[in-house]
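Enquirer: for reference, the sequence and a predicted model appear below.
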Amino acid sequence: MTSTKRRHFLKSAAALSASGIALSHADTFTNVSTNKLFKHNPVFGLAVPKMETVRIGFIGVGKRGLGHVQHCCHIEGVEIKAICDIHQDVIDSACQLVELQQRPRPDEYTGSEFAYKDMLNRSDIDIIIISTPWRWHTPMAVDTMTSGKHAFVEVPAATTVEECWLLVNTAERTQKNCMMMENVCYGRDELMVLNMVRQGVFGELLHGEAAYIHDLRSQMKNLDRHTGSWRTYWHTKTNGNLYPTHGLGPISQYMNINRGDQFDFLTSTSSPAIGRQSYAARTFPPEHERNKVNYIAGDMNTTVIKTKLGRTITLKHDTTTPRPYTRLNYIQGTNGVFSGYPNRIALEQKPKAIAAFFEKEYQLALNAWETQGKIGSKPQRHSSHQWDKNMLPWQQHFDHPLWIRMGKEAEKNGGHGGMDFLMLWRMIYCLRNGEALDQNVYDAAAWSVIAPISADSVADRSNSKDIPDFTRGLWKNATPLSIVS
């Protein structure tokens, strides 16, 4: 397919599943959440037999997928069997990375947007890592599970409510893992806060705030290839939170969403859509394609989620306005709060070890004040009315065991501060040891579905919209994510 034809295809069919899998099931979408299609076998705690070696196939090895290939080259117990992409040059780059590590060159699949299906016919591949444009995520994941392989898919896992149900139903039918690779859940800060939450440091949780605020207007210059060549068009067809999972994933884990609590409903509102149209007018000629489309996604979308236990989550999305990056990562409990960007903590009752540290700091400051003739304000003991921005003592006492074990290796290998490598390492570790993954298909569906439902709310004067229960009630008794080492 030529570049011109491909761009036309992306624009005209971005809302549809291109592989034909979702389309072939379109007549069953009205029933996908019921028990009429097949006997549902839940995949909570799904642990597959131990794999001595995890044999991997990759679909999509552009910038994101190439990073996954590189990281997997440095993980023990991995064989990279095959790589699929529509561009030969990125296949060559990925294969060269593999060969540089003295590993066999992977088999190649290209020449068609459906070449990945030939790769799925192989019996010597265990898992598929999918790093393609959003519209391909669900079709490729469904095809992967149907072929008897485990699907690991980039965010978001799905773009419609129907696709979310299709992922859940396919995972339950095939008993294959479908994990959305939400890398932020493996960041050092997020893991530390999860550990603190599990130890009750913040008290009973009440409220969280999450975001994806990242100025990505420059991606609009990607015309034929790379992320902006297809992601830009989502701003012309959907007005809602286009990309919810990076901020929402960690907050959901703190709150045990799908494992003791559940999203109930949301309301969403968007600001005017001005930024991208203005950027296009300044950057491209008047007759350019970027100036001929109508950008409808509000520059700032604000969504408020209510959970079954009554907690609230504020979720924001803005990839258009000029401002520093943030995911907020804010969690509030009855005993205090953690807030990210920059990291800071305020607690009413501090853990003993932390309280001793603060008391020592106070005594040192008091002695210095008295020694210097009591010049200036007298030091005060730290309280919940003050932010503590020194993360070192908190990390010393609350770093997640997984980060303590693999943090140095993760930072060495990189990928958003090491979270990418740690995520992939943990995935392989679970498969090789017959353990359940940290994220399952219910998480993939619940976190991804916020995008289409937020758009429904925006279109309906921000009226509340119910959020489907993809667990079919099993969240009430599901075991919370444990603190693994």
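Expert: Here it is on my side, so go on.

Enquirer: how about Thr267: what's its closest non-neighbour residue?
Expert: Ser464 (4.7 Å; Cβ to Cβ, 6 or more residues apart in numbering). Placement of C-beta: from N, CA and C, glycine included.

Enquirer: if I look at that neighbour, how far off is Pro272?
Expert: Look at Ser464 and Pro272: by Cβ to Cβ, to the nearest Å, they are 22 Å apart.

Enquirer: do the same with Lys306
Expert: For Lys306, the distance to Pro272 equals 26 Å [Cβ to Cβ].

Enquirer: what about the residue lying closest to Thr232 once chain neighbours are set aside, neighbour count?
Expert: Closest residue to Thr232 apart from its sequence neighbours, by Cβ to Cβ, 6+ apart: Met220 at 5.2 Å. Met220 has 20 neighbouring residues, counting by other Cβ atoms under 10 Å.

Enquirer: what's near enough to touch Met220?
Expert: With contact set as Cβ atoms under 8 Å, 6 or more residues apart in numbering, Met220 has these partners: 228, 232, 276, 279-280, 283, 290.

Enquirer: quick check, pLDDT for Ser12.
Expert: For Ser12, the model assigns a pLDDT of 36.

Enquirer: coming back round to it: kindly reformat the contacts of Met220 as CSV containing distance to Thr326, secondary structure and neighbour count.
Expert: Supplementary listing: the contacts of Met220 in CSV, determined by distance: Cβ to Cβ, whole Å; DSSP: H, G, I helix; E, B strand; the rest coil; neighbours: other Cβ atoms under 10 Å:
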residue, distance to Thr326, secondary structure, neighbour count
Gly228, 21, helix, 17
Thr232, 22, helix, 23
Arg276, 20, helix, 23
Tyr279, 20, helix, 19
Ala280, 25, helix, 21
Thr283, 25, helix, 14
Arg290, 27, helix, 19
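
Enquirer: in the stretch 301-450 of the chain, what residue spans correspond to strands?
Expert: Applying DSSP state E, counting those that start in this stretch to the stretch 301-450 of the chain gives strands spanning 301-307, 312-318, 330-333, 336-339, 344-347.

Enquirer: okay if I get the ones you listed as TSV plus mean pLDDT and distance to Pro324?
Expert: Output for those, formatted as TSV (pLDDT from 0 to 100; distance: least, Cβ to Cβ, whole Å):
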stretch	mean pLDDT	distance to Pro324
strand 301-307	99	18
strand 312-318	98	11
strand 330-333	98	16
strand 336-339	98	15
strand 344-347	98	15
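
Enquirer: need these in JSON lines (columns: distance to Asp264).
Expert: Formatted as JSON lines, those follow (distance: least, Cβ to Cβ, whole Å):
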{"stretch": "strand 301-307", "distance to Asp264": "5"}
{"stretch": "strand 312-318", "distance to Asp264": "10"}
{"stretch": "strand 330-333", "distance to Asp264": "18"}
{"stretch": "strand 336-339", "distance to Asp264": "23"}
{"stretch": "strand 344-347", "distance to Asp264": "28"}
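
Enquirer: what's the closest of those strands to Ile129?
Expert: Closest approach to Ile129 among these is made by strand 312-318 (25.4 Å; Cβ to Cβ).

Enquirer: would you map the helices across the stretch 201-350 of the chain?
Expert: Along the stretch 201-350 of the chain, the stretches classed as helices by DSSP state H, counting those that start in this stretch are 228-231, 245-254, 275-283.

Enquirer: of these, which approaches Cys430 most closely?
Expert: The nearest among these, by Cβ to Cβ, is helix 245-254 at 15.8 Å.

Enquirer: mind listing what's buried along the closest one?
Expert: 245-254 (16 or more other Cβ atoms under 10 Å).

Enquirer: so where's this protein uncertain?
Expert: Residue ranges of the chain with pLDDT under 70: 1-38.

Enquirer: coming back round to it: show me which of the contacts of Met220 is closest to Gln396.
Expert: Of all the contacts of Met220, Gln396 sits closest to Gly228, with 41.4 Å by Cβ to Cβ.

Enquirer: surely the closest one meets Asn222?
Expert: Yes: contact status for Gly228 versus Asn222: in contact at 3.2 Å, counting by Cβ atoms under 8 Å.

Enquirer: ranges for the helices of the stretch 1-150 of the chain?
Expert: Using DSSP H, counting those that start in this stretch, helices in the stretch 1-150 of the chain cover 3-13, 21-24, 63-72, 88-100, 116-120, 134-146.

Enquirer: okay then, goodbye and thanks.
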